[in-house]
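this one's sequence-less:
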């Protein structure tokens, strides 16, 4: 099983990326997968609005072949970033069918936590991904405790997750 992370933060090596990779590593370990690839979209910013683009088409295909996909974005104006939206717009409706996705959003205030369920989850579902568990809204003020926050999220969510429609309980 392959785990891929897509990060829509315009800053390289962002805190959003760190949290997303912690989630990916935790979930990959729980399901016997390997963290295969992290796509930091800021590395492709110059090409995101170029249609067609061979590099992004190839990258999109690699992402769509993931078994497990962690999609992460900081909260911008009550939603995910335009950078992430631009990348995901490369997929047709159902273009991520067969992929199990976990949405992750970071933000400064818990008031923005609904953004996860009202913007990012519906987009992933529209693209055909299965979203079998509660995503993670991570408050940036908790950065010093990132490992324990992700561990708590995993304990609350992974034991009731459904992997490709089958109940899966991590060991």
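Okay, I see it. Note that this is a predicted model, so its numbers are computed, not measured.

identify the residues contacting the residue most central in space within the chain.
Residue closest to the average C-alpha location in the chain (C-alpha atoms, centre = their mean): residue 71, at 1.4 Å. If you count contacts by C-beta atoms under 8 Å, 6 or more residues apart in numbering, residue 71 has them with 5-6, 8, 84, 88, 101-104, 120, 124. For every residue, glycine as well, the C-beta is placed using N, CA and C.

ranges for the strands of this structure?
With strands called from DSSP state E, the chain shows them at 2-7, 34-40, 68-74, 100-107, 136-139, 162-163, 166-167.

tell me the most buried of the ones you listed?
strand 68-74 (a mean of 28; mean count of other C-beta atoms under 10 Å).

mind checking the end-to-end distance for stretch 69-83?
17 Å (C-alpha to C-alpha, to the nearest Å).

how about stretch 49-69?
Note: stretch 49-69 ends 22 Å apart using C-alpha to C-alpha.

how far off centre is that stretch?
Taking C-alpha atoms, centre = their mean, to the nearest Å, the mean C-alpha location of stretch 49-69 is offset from the chain mean by 14 Å.

buried residues in that stretch, which are they?
53, 56, 59-60, 63-64, 66-69 (16 or more other C-beta atoms under 10 Å).

could I get those residues as TSV with pLDDT?
Formatted as TSV, the buried residues of stretch 49-69 follow (pLDDT from 0 to 100):
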residue	pLDDT
53	91
56	94
59	95
60	96
63	97
64	96
66	95
67	93
68	93
69	96
